[in-house]
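>>> Mind looking at a prediction? Sequence and model below.
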Amino acid sequence: MSYYECENKECTCYGVKDAVTRETFKYIAGEGLVGEHRNCPVCGKPRKYVNPDADIPLSEKNVSIGKYSSASAEQKQEILKKRSHEHFEKNIKERKDYLMNKAIGEMKSLGKKD
């Protein structure tokens, strides 16, 4: 989570930290990466970006700037395969295994005649 703090002394939000849970950045020439919530909603002036994770190196953060859009067709295919596999492992595999075991158990019980 990141925060913005208004530095305009005439603003009613001066010094108040506004929490931002999701932030999209864009590159502006001369300014660098700028967040979409940069301007104060009250006064409209740019606010100070406060990042509690500033000491974490960029290489260890979950950041990929233009990675997919600048990839070749083969690289895009690999990215999507990896994402799909991770989604399967995280959200689907356990339920699928349970249903398969249940179905196999039912089939085995149908084959047994007393």
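Structure's in. What do you need?
>>> which stretches of this protein aren't confidently modelled?
Filtered on pLDDT under 70, the chain yields the residue ranges 58-65, 113-114.
>>> redo that, cut-off 90
Low-confidence regions of the chain, defined by pLDDT under 90, span residues 1-4, 7-9, 11-72, 108-114.
>>> can you give me the strands for it?
Taking DSSP state E, the strands of the chain run over residues 2-5, 17-20, 25-28, 32-35, 48-50.
>>> Which of those sits closest to S72?
strand 25-28 (21.9 Å; C-beta to C-beta). The C-beta positions use only the backbone N, C-alpha and C, and glycine is treated the same way.
>>> Does Y14 touch E7 like I think?
Yes - assessed by C-beta atoms under 8 Å, Y14 is found in contact with E7 at 7.2 Å.
>>> Skipping its backbone neighbours, what lies nearest C11 in space?
In space, and not counting its chain neighbours, C11 is closest to C43: 4.0 Å by C-beta to C-beta, 6 or more residues apart in numbering.
>>> Contact partners for the residue lying closest to R47 once chain neighbours are set aside?
Nearest residue to R47 in three dimensions, chain neighbours excluded: Y4, at 4.2 Å (C-beta to C-beta, 6+ apart). Neighbouring residues of Y4 by C-beta atoms under 8 Å, 6 or more residues apart in numbering: K17, D18, V20, G35, H37, R38, C40, R47, K48, Y49, V50.
>>> K9 versus N39, what's the distance?
Distance of N39 to K9, given as C-beta to C-beta, to the nearest Å: 16 Å.
>>> So those two - more neighbours on which side?
N39 (15 against 7; other C-beta atoms under 10 Å).
>>> check contacts around the residue nearest to that one when sequence neighbours are not counted.
Setting aside the residues directly before and after it, N39 is nearest to P46 in space (C-beta to C-beta, 6+ apart), at 5.9 Å. Counting by C-beta under 8 Å, 6+ apart, P46 touches R38, N39, C40.
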